[in-house]
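Colleague: Next comes the sequence, and after it the predicted model I'd like to discuss.
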Number of protein chains: 2
Amino acid sequence: MRAIEVREFHTPASGIFFRAARRLLSEKTPFQKLEIYETASHGRVLMLDGLVQTTERDEFFYHEMLVHPAMMSHPRPRDILIIGGGDGGTLREVLRHPVRSAVLVEIDARVIEACREYFPQLSASFADKRAEIIVADGSRFVRETDRRFDGILVDSSDPVGPSAFLHRKAFYAGLKRCLRSNGIIAAQAGAPVFHLRHLRRKRAILKSLFNFVFYYLGPVPTYPGGLWCYAFLSDRIHPMKRLHRKTPKGLRYYNWDVHQAAFALPEFLKDQTLV
Amino acid sequence: MRAIEVREFHTPASGIFFRAARRLLSEKTPFQKLEIYETASHGRVLMLDGLVQTTERDEFFYHEMLVHPAMMSHPRPRDILIIGGGDGGTLREVLRHPVRSAVLVEIDARVIEACREYFPQLSASFADKRAEIIVADGSRFVRETDRRFDGILVDSSDPVGPSAFLHRKAFYAGLKRCLRSNGIIAAQAGAPVFHLRHLRRKRAILKSLFNFVFYYLGPVPTYPGGLWCYAFLSDRIHPMKRLHRKTPKGLRYYNWDVHQAAFALPEFLKDQTLV
């Protein structure tokens, strides 16, 4: 059987490739192109509009670093909101903490259904009694809901396609609206190696809304540049004060050392002069 | 003009690609295959035996993190030895410090000559009065030299081809032989995402030779997995005590925050159970 060549372009003339043994799924949903491949190198790979979202091999880098810095910085995170995250990995990490409820708002029902079928390691979290799955537009949800949250995780795709709105000021104002006063938001923010201008613009927007705005970093081998940036946002809580409880068991990336280390920014991100 | 497709495989079925505008050089030296490409995405790219060694765009991640943690941890680094490093980038970073001498021992004269021609940003360091360039086998040099060094930087290629010996115990014993008693060695050690077993074996060897053995991490976007591991070795000096002088000007990655952060190891590297 001939392998299928799968590529993601990180610039117009460079990127990563996989030789997939099988294409498990390829369809056009109402929102985006959804593909799932079986690969020898990275296990199953989920792609949306041609961009790698999740691979079985390295999803833990991303999901642990999106979730645990915020969760471990909050003294008592009871009610959690996840925007996006239809693969279930972010929800799985949230549920490692003693939360009361976790609401996941994903715009594309097909992502949820496909991940239920092909990524059980991630989507098993959907069955947890504390989890509530809502198929809806996250930006509308945060404008309209009466619910309030201690923690919000923004697990969006990049600022193109159905997630474009999730990178704008009005969306973050909506998040703030339904965040409790001592709440914390963590959001995936992009690739410092390729999206530095975008990160700079976004930081200015975020600083107009929140007292504490910190970018932090973690590796994600299959994301552009291999290095990913996240934003930590809060009006009351500083991310480096102290841990409030023991780190959950079974983690493969996160610990308190890497929590602190993730907030150390290299010169090119401090100065925002490059790359 | 048709672009040239350049690939590096990180596993038998995955890797990175560049579409190069031009092949500037491709030859078989007595030691390895040497290629240099001009790319729109990463500037000039140096490959040895099919593996990316240096790109103009992201070489600073690697060279700064190989050199500055060791140099900044030493109270007075006067005489420095570089094993490998024929592109000149490691030497350039060493010479940012107030050193008296920097000896570079590279086995392949063609790498030096080609980088003089095609990577002037890196190889300009060869012209510095403090630098001495020796074309020789680094493992033999450290067995035989009478000179002694305060710092040694091992800027080898991976443990295949002409660098294979530079990953064995006898080589590190040779390094120790020509290291002053309060000296520090920093060595590139591999990709934690792909070479974890190799890193574990190597740590055991290093611990039999040095009092202080620390792995530390830094991103290198075009290296396998985007995350690179380095070893810090010394009998007397701990890497986290304090900085001894101001950080050199003009750096794009290194600062004292990332120095400390680099030594924070994620769970999968601590436990050595994965990936």
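Modeller: All right, it came through fine.
Colleague: how far is stretch A:116-131 from where the chain is centred?
Modeller: Its chain's C-alpha centre and that of stretch A:116-131 lie 16 Å apart, by CA atoms, centre = their mean, to the nearest Å.
Colleague: Apologies, that question was intended for stretch A:46-53.
Modeller: The chain centroid and the centroid of stretch A:46-53 are separated by 14 Å under CA atoms, centre = their mean.
Colleague: hmm, who's touching that stretch?
Modeller: The contact list for stretch A:46-53 (CB atoms under 8 Å, 6 or more residues apart in numbering or on different chains) reads A:6, A:8-9, A:16, A:32-37, A:45, A:54-55, A:87, A:111, A:114-115, A:118-119, A:157-158, A:160-161, A:222-223. Any C-beta I mention is one placed from the backbone N, CA and C, and that applies to glycine too.
Colleague: what do you get for stretch A:18-33?
Modeller: A:1, A:3-7, A:34-42, A:44-45, A:47-50, A:107-108, A:110-111, A:114, A:118, A:157, A:161-162, B:13-14.
Colleague: Narrow the contacts of stretch A:46-53 to those in strands?
Modeller: Applying DSSP state E to the contacts of stretch A:46-53, the entries found in strands are A:6, A:8-9, A:16, A:33-37, A:45, A:54-55.
Colleague: okay, those residues in JSON lines with neighbour count and pLDDT next?
Modeller: Shown next, in JSON lines, are the ones in strands among the contacts of stretch A:46-53 (neighbours: other CB atoms under 10 Å in any protein chain shown; pLDDT from 0 to 100):
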{"residue": "A:Val6", "neighbour count": "19", "pLDDT": "93"}
{"residue": "A:Glu8", "neighbour count": "16", "pLDDT": "94"}
{"residue": "A:Phe9", "neighbour count": "16", "pLDDT": "94"}
{"residue": "A:Ile16", "neighbour count": "22", "pLDDT": "96"}
{"residue": "A:Lys33", "neighbour count": "14", "pLDDT": "96"}
{"residue": "A:Leu34", "neighbour count": "22", "pLDDT": "97"}
{"residue": "A:Glu35", "neighbour count": "21", "pLDDT": "98"}
{"residue": "A:Ile36", "neighbour count": "21", "pLDDT": "98"}
{"residue": "A:Tyr37", "neighbour count": "24", "pLDDT": "97"}
{"residue": "A:Val45", "neighbour count": "26", "pLDDT": "97"}
{"residue": "A:Thr54", "neighbour count": "26", "pLDDT": "96"}
{"residue": "A:Thr55", "neighbour count": "25", "pLDDT": "97"}
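Colleague: Looking at these, spot the one nearest A:Val193.
Modeller: A:Ile16 (13.1 Å; CB to CB).
Colleague: what's near enough to touch the closest one?
Modeller: Taking CB under 8 Å, 6+ apart as the test, what A:Ile16 contacts is A:7-8, A:10, A:52, A:222, B:14-17.
Colleague: Just list whatever residues bridge to it.
Modeller: Listed by DSSP bridges, the beta-bridge partners for A:Ile16 are A:Glu8, B:Ile16.
Colleague: Would you indicate which residues of stretch A:7-21 are buried?
Modeller: With burial defined by 16 or more other CB atoms under 10 Å in any protein chain shown, the residues of stretch A:7-21 counted as buried are A:8-11, A:13-20.
Colleague: which among the residues you listed gets closest to B:Cys229?
Modeller: Of the buried residues of stretch A:7-21, the one sitting nearest to B:Cys229 (CB to CB) turns out to be A:Ile16, at 20.1 Å.
Colleague: ok, now how distant is that closest one from A:Arg7?
Modeller: For A:Ile16, the distance to A:Arg7 (CB to CB, to the nearest Å) stands at 7 Å.
Colleague: Need the residues touching each of these two.
Modeller: With CB under 8 Å, 6+ apart, A:Ile16 and A:Arg7 have common neighbours B:Phe17.
Colleague: Please check the contacts of stretch A:18-33 and keep the buried ones.
Modeller: Members of the contacts of stretch A:18-33 classed as buried by 16+ other CB under 10 Å are A:6, A:34-39, A:41-42, A:44-45, A:47-49, A:107-108, A:110-111, A:114, A:118, A:157, A:162, B:13-14.
Colleague: so what's the backbone phi/psi at the residue nearest the centre of chain A?
Modeller: The residue lying closest to the centre of chain A (CA atoms, centre = their mean) is A:Asp155, at 3.0 Å. When read as degrees, to the nearest 10, the backbone of A:Asp155 gives phi -110, psi 60.
Colleague: Now do the contacts for it.
Modeller: A:66, A:82-85, A:89-90, A:188.
Colleague: Please tell me the pLDDT value assigned to it.
Modeller: Note for A:Asp155: predicted pLDDT of 96.
Colleague: again, but for A:Glu56
Modeller: 97.
Colleague: mind checking how far the nearest residue to it once chain neighbours are set aside is from chain B?
Modeller: The spatially closest residue to A:Glu56, leaving aside those adjacent along the chain, is A:Gly43, at 2.9 Å (CB to CB, 6 or more residues apart in numbering or on different chains). Distance, A:Gly43 to chain B, by CB to the nearest CB, to the nearest Å: 11 Å.
Colleague: And for A:Ala102?
Modeller: Distance from A:Ala102 to chain B, by CB to the nearest CB: 23 Å.
Colleague: partners of that residue in the sheet?
Modeller: Taking DSSP bridges as the rule, A:Ala102 bridges to A:Ile80, A:Ala131.
Colleague: list the contacts for it?
Modeller: Applying CB under 8 Å, 6+ apart, the residues near A:Ala102 are A:79-82, A:91, A:94-95, A:128, A:130-132.
Colleague: for A:Leu104, same thing?
Modeller: Taking CB under 8 Å, 6+ apart, one finds A:82, A:85-86, A:88, A:90-91, A:126, A:131-134 in contact with A:Leu104.
Colleague: with the residues you listed in mind, which one is nearest to B:Lys169?
Modeller: For the contacts of A:Leu104, the nearest to B:Lys169 is A:Thr90 (44.0 Å; CB to CB).
Colleague: what's the neighbour count on the residue in chain A that chain B sits nearest to?
Modeller: At 1.4 Å from chain B, A:Gly226 is the closest residue in chain A, using CB to the nearest CB. A count of nearby residues for A:Gly226, using other CB atoms under 10 Å in any protein chain shown, gives 29.
Colleague: Roughly how far does it sit from A:Leu95?
Modeller: From A:Gly226 over to A:Leu95 (counting by CB to CB), the distance is 28 Å.
Colleague: what does A:Ala13 give?
Modeller: Taking CB to CB, one finds A:Ala13 at 41 Å from A:Leu95.
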